[in-house]
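Asks: Any chance you could fold what I've pasted below:
(chains A and B, ligands or ions: 1)
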Amino acid sequence: MLKSKSFVKKTRKGGVIKIVREHYLRDDIWCGSEACSQCKQDSFVLEKAPSVASDKCNFPHYILPDTNVVLHQVDILEDEIIKNCILLQTVQQEVKHRSLPAYKRIQGLTTNSDKKFYVFSNEYHKETFIERLGGETANDYNDRVIRKAATWYSQHLEKNGENVPKIVLLTNDRANREKAKNEGIIAYTVHEYVQSLTDKPYLVDRLAQLAKDENDKEKVDQDIKTGKGRNVLYPEHLNLAAIQKGIKEGKYKQGTFLSSRENFREGYVSIPGEEKMYFIKGLANQNRVVSNDTVAIEVLPKSKWTCPSSLVEVDENVDPEAENSLENDEETTSSVVNSSAQPTCRVVGVIKRNWRQYCGTLEPPSMKGGSRHLFKPAEKRIPKIRIETRQAESLLGHRIIVTIDSWPRNSRYPVGHFVKNLGKIGDKDTENEVLLLEHDVPHATFSETVLSFLPKMPWVITEEDLKVRTDLRWLDICSVDPPGCTDIDDALHCRSLDNGNLEVGVHIADVSHFIQPGNALDEEASNRGTTVYLTDKRIDMVPDLLSSNLCSLRGGEERFAFSVLWEMTKNAEIIETKFMKSVIRSRAALTYEEAQLRIDDKSQSDAVTTSLRNLLALAKILKKGRLDKGALVLASPEIRFNIDSETHDPIDVQEKMIRETNSMVEEFMLLANTSVAKKILKDFTKSALLRRHPVPPPSQYEMAIKAALSRGFKLEIDNGLALSQSLDKAVMEDNPLFNTLLRMLTTRCMTQAVYFSSGTVPEEDFFHFGLASPIYTHFTSPIRRYADLMVHRMLAVAIGYSEVYPELLNSEKMQDICKNLNYRHKMAQYAGRSSVELHTHIFFRDKVTIEDGYILFIRKNALQVFIPKYGFEGTLYLKEKGKDSIFTYNEQEPSQSAGHIKFRLFDKVLVQISTETTNLQHQRLRLQLVQPEVPGFSVPRTPASSSRKEDEEPPAKKLKQK
Amino acid sequence: MSGLELLSDQGFRLDGRRPRELRKIECKMGVFQQANGSAYIEQGNTKALATVYGPHEVTGNRSKIEHDKVLINCQYSMATFSTGERRSRSTGDRKSQEMQLHLKKTFEAAILTQLYPRSQIDIYVQILQADGGNYSACVNAATLAIIDAGIPMKDFVCASTAGFVSDTPIADISYLEESQGGPELVVALLPKSDQIVEFQVNSRLHLDNFEKVLDMAIKGCKDVHAVLTRVVKDHVGQLASKMSKT
Ligand SMILES: [Zn+2]
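Replies: Predicted structure coming up:
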């Protein structure tokens, strides 16, 4: 089998070590074309007669792009019109080496059977492998390799007769193109090729604007040489070698740039390991960096330090041609207040760009007919982007996606290209898509490969299953969830034992039974990390068959579960804890409300109801025990929209009702999670997946302490118990919401709880502050959280049910998983909040209402007002643009006063809510003061739009100064 | 683990082999006249030389004499130039000792030791160039050298390795593949009886995958066997033609 193969050796020299590697060349690599009868292949990727209308290549052809084309024009390659493409192994490897995201997208194309992208392993092919010549640069060699493959393909296909597809080489390298033409290869630039595609004229919009910039760059360099530097707006970047040298010498620092949300001329650079961030002021000092770029900075001498201007400044320019100055850049830089000056720096170079695709809108053009346009990203930290498009008319008023290609020195804005039109602004599907994209939520439908790992239906429980599982079908188990829940993770039971104790069981969907580690289904779930809940939509972590059917513990159906059983005394003292894989049959899937009604209805005494009553009694004891240890009761507003079933628009909102049964279920989930955490840590001392909530440093509480103090309460922050008790004491008779509001503020001071691998943190830091638990993990929601699935796998090993596999023991790998999960959870939360916000906006569209609000923050020019009924916060501006404020700001108290009216924290106000209509692109909710009345500022209460009864007590009374 | 992709989506390994393919094997028997038997083998870039002396009287310490079988003495060494980094190696280091022990065990199981009681057979193997699968190359070279020396064995001993990458077993792993830290199975086999005489596993391998990888290693041994058989036949043929000429 080896005899037929000749081989050559590649030698790589580095230092004194000589590495000799073998390289086998083969004659069994096929061309992948259906038009070929030479190759002994049994399946094809490339079509026999590819048909794409091109006025340059009006013959059947396959395209063969070079590395740079693939690297920079993935957007083009992803377009549905581009098919039948030969991807050389050389190109693929080089792309992988230079950009992992681009490589992943290419992988997506090659696995998509519609795209007909064929990967040709040219480096292993006997006839396409060539050796690098002495003195040949890597680039020249790669180009030659690509041309060699193109030639081979042409000749190989020609052997199959007339009218076979030809090869079209796509390269933007002029020298390469000329050489190719001399060698008889058809070659075009990707721009020429895309322009020639008559069926898709707008595809040119999606071309990355790079080739032009190469010319621009030459022109800029020329200008500088000839002294005509007036077009140059930004200083040059240092090259990587100079940066590295500077960092070594301590002259420069490496950090991540973050632009200010309020002022586009200001930003910060955070340096790893340094607590304080460095301030940057002015576009020239930012020197073409975009938020999240890794940059090299030089700290300016103290004399040049400055501070944020406290100005809210938005880039108002809409003219894409306005490129000849960074207007006012210097002016704003000059105002230095010595006392408040911060360490200030400037960017000297870019270490790594972190550009992605951005959602946003096209600015209305300042003049008609031009093809250059400005794109305004939804994310305020991202600068406007200049793009070229011929379809601007149809893109106005739409949400679109744009990507940045480069930022030349003579361009005020980064230059990018149009990628995709998401749809009309304000359209709910469009806006949902935007918020999923902006929060990096993977939401594509599950791929064929992923679905192939699902169990085959009909699914039945076999004798074999029953042999390895404990049969708990005889227990009176039920589930308690919010109404409409179809992914039921957990179910409970409680029964009396002969010895007078109680047996409590928590039964969790056995998802790990259906998802084997490492397969495509597992990888997809791992990447998604969590199910994302939007107001009107759920983006599942695992396919529907599992989430809503086989794993969901539905009433009356036999399901696999992972059970935790405790023997407890009636005082909720745990005697024994057992874990087992089981088979259960839930008697009923109840809602919180139904469960509550059953408990309260004295006439019912069936097994499930008795079970619920016992559970509730135990839960109360457990909860008290937790609170006594210092667990916190935190608050965040939660509301639900009632959605119209036809239009899917929100028609009403209601606050989430918290019943006793909610906290009953929660209590047992906490207990199960804690029990499991202890168990898995024993077996996986270094790699257990746990969850911790760091104790916040005292400085973080500043805002809440100050707020409480303004009403005469003292927050104790020494430990959780003290904090919890002082929060309990903070009650104002005349303001029932005060306590909740204070808890909301306190919650915001805290850091987020995070997943971690037990080997990465000392044991004393395992502490979960919010729950006052020394150890904690997530076990109870494996359908919608990947962390729980991993914990299930660990527990299964710990009880000897399944075999361990290496990844479970690898602390580093586990930490990598945790890192992704933490990111996904944070993003899922943000996406959920944005979704509520979106629906709030839709709800208030064409509506004017008057509601109660409470002041949460007092700012220099505005009040931040919380509207309990809708659970949202809005800004009530105290000052109109261009006018002087009638209010006096007292930063110490803090307060804002006008005449005899004074606003303080937690004050109740009456506000009118409406949608601001002046700017169609960015619809905002507008709050206007109704009461207390401030002459010349507050708006009248128009009876027609008021939702309140007239006889209610006006809230203004309390606000009057005595 | 590094980011090296050991197996491409197209099913090729870094050096162009498919998962089940061995590296190219070249060997030569009877390379030294002084020794009773000798052989040289190349398995890809791993090169080994084996020489065999004996059976002869037990040298040195007489207490080592075995009364019912032959004493097998194995010496293993690596040439200073055998790896990229040049370094002098003593034969006594732990790794060599371990290798010696493995080799001794392997050949004790294959040679018909009871034929030569109270005598000794010396097997010297040296790795001239190391590129993964050193043990296999040593065993295969020594087998040829023993045959060259005319010492009777139950069967050929053929050794090979197998690894496990992206859910796929791969045969005859090279140094580069070895160094990525994946599981490695080393097997020495008596091919006719399918008897495994030596077996090592490095790094963790899940039980579910064990059989697949073992099968791959055994298949590797059998492929090696096919090559060695041909070499022996050619060698014998050459000898015969030489003899007939004289
Ligand atoms: Zn072909």
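Asks: hmm, who's touching the lowest-mean-pLDDT helix or strand in chain B?
Replies: Ranked by mean pLDDT, DSSP states H and E, the weakest helix or strand in chain B is helix B:175-178, scoring a mean of 87. The contact list for helix B:175-178 (C-beta atoms under 8 Å, 6 or more residues apart in numbering or on different chains) reads A:21, B:4, B:6, B:13-15, B:45-46, B:130-133, B:161, B:163, B:165, B:170, B:184. C-beta here means a position set from N, CA and C on the backbone, and glycine is covered the same way.
Asks: Repeat that for stretch A:102-117.
Replies: A:45-47, A:50, A:70-71, A:74, A:77-78, A:80, A:82-85, A:87, A:92, A:95-96, A:118-119, A:447, A:449, B:9.
Asks: could you measure the spatially most central residue of chain B against chain A, distance?
Replies: Nearest to the mean C-alpha position of chain B, counting by C-alpha atoms, centre = their mean, stands residue B:139 at 2.4 Å. Distance check for residue B:139 against chain A: by C-beta to the nearest C-beta, to the nearest Å, it reads 19 Å.
Asks: any idea how far the least confident helix or strand of chain B is from the chain center?
Replies: Computed by C-alpha atoms, centre = their mean, to the nearest Å, the chain-centroid distance of helix B:175-178 equals 17 Å.
Asks: Let me know how buried whichever residue of chain B sits closest to the ion is, in neighbour terms.
Replies: Relative to the ion, the nearest point of chain B is residue B:10 (15.0 Å; C-beta to the ion). Burial of residue B:10 is recorded as 15 neighbouring residues (other C-beta atoms under 10 Å in any protein chain shown).
Asks: Can you report how many residues neighbour the residue lying closest to it once chain neighbours are set aside?
Replies: Leaving out its chain neighbours, the residue that sits closest to residue B:10 by C-beta to C-beta, 6 or more residues apart in numbering or on different chains is residue A:121, at 5.0 Å. By other C-beta under 10 Å, the residues close to residue A:121 number 21.
Asks: List the buried residues for the top helix by length along chain B?
Replies: Longest helix in chain B, counting residues (DSSP state H): helix B:207-245. By 16 or more other C-beta atoms under 10 Å in any protein chain shown, the buried positions in helix B:207-245 come out as B:213-214, B:216-221, B:223-225, B:227-228, B:231-232, B:235.
Asks: now the strands: where do they sit in chain B?
Replies: B:25-29, B:37-43, B:46-57, B:71-78, B:119-129, B:158-165, B:168-171, B:184-190, B:195-202 (DSSP state E).
Asks: Just send these back as CSV, with mean pLDDT, mean neighbour count and distance to residue A:678 too.
Replies: Below are the strands of chain B laid out as CSV (pLDDT from 0 to 100; neighbours: other C-beta atoms under 10 Å in any protein chain shown; distance: least, C-beta to C-beta, whole Å):
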stretch, mean pLDDT, mean neighbour count, distance to residue A:678
strand B:25-29, 92, 19, 55
strand B:37-43, 94, 25, 52
strand B:46-57, 92, 22, 50
strand B:71-78, 91, 21, 50
strand B:119-129, 93, 21, 51
strand B:158-165, 93, 26, 34
strand B:168-171, 92, 22, 39
strand B:184-190, 93, 24, 37
strand B:195-202, 89, 15, 33
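Asks: Of these, which is nearest residue A:911?
Replies: strand B:158-165 (63.7 Å; C-beta to C-beta).
Asks: Isn't residue B:117 up against residue B:67?
Replies: Yes: using C-beta atoms under 8 Å, residue B:117 is in contact with residue B:67, at 5.9 Å.
Asks: how near is the residue nearest to the centre of chain B to residue A:577?
Replies: 53 Å (C-beta to C-beta, to the nearest Å).
Asks: What helix or strand is residue A:610 located in?
Replies: Assessed by DSSP states H and E, residue A:610 sits inside helix A:607-629.
Asks: Buried residues, that helix. List them.
Replies: A:608-619, A:621-623, A:626-627.
Asks: now do stretch A:395-415
Replies: A:395-396, A:399-415.
Asks: Okay, and which of these map to strands?
Replies: Filtering the buried residues of stretch A:395-415 for strands - DSSP E - leaves A:399, A:400, A:401, A:402, A:403, A:404, A:405, A:406, A:415.
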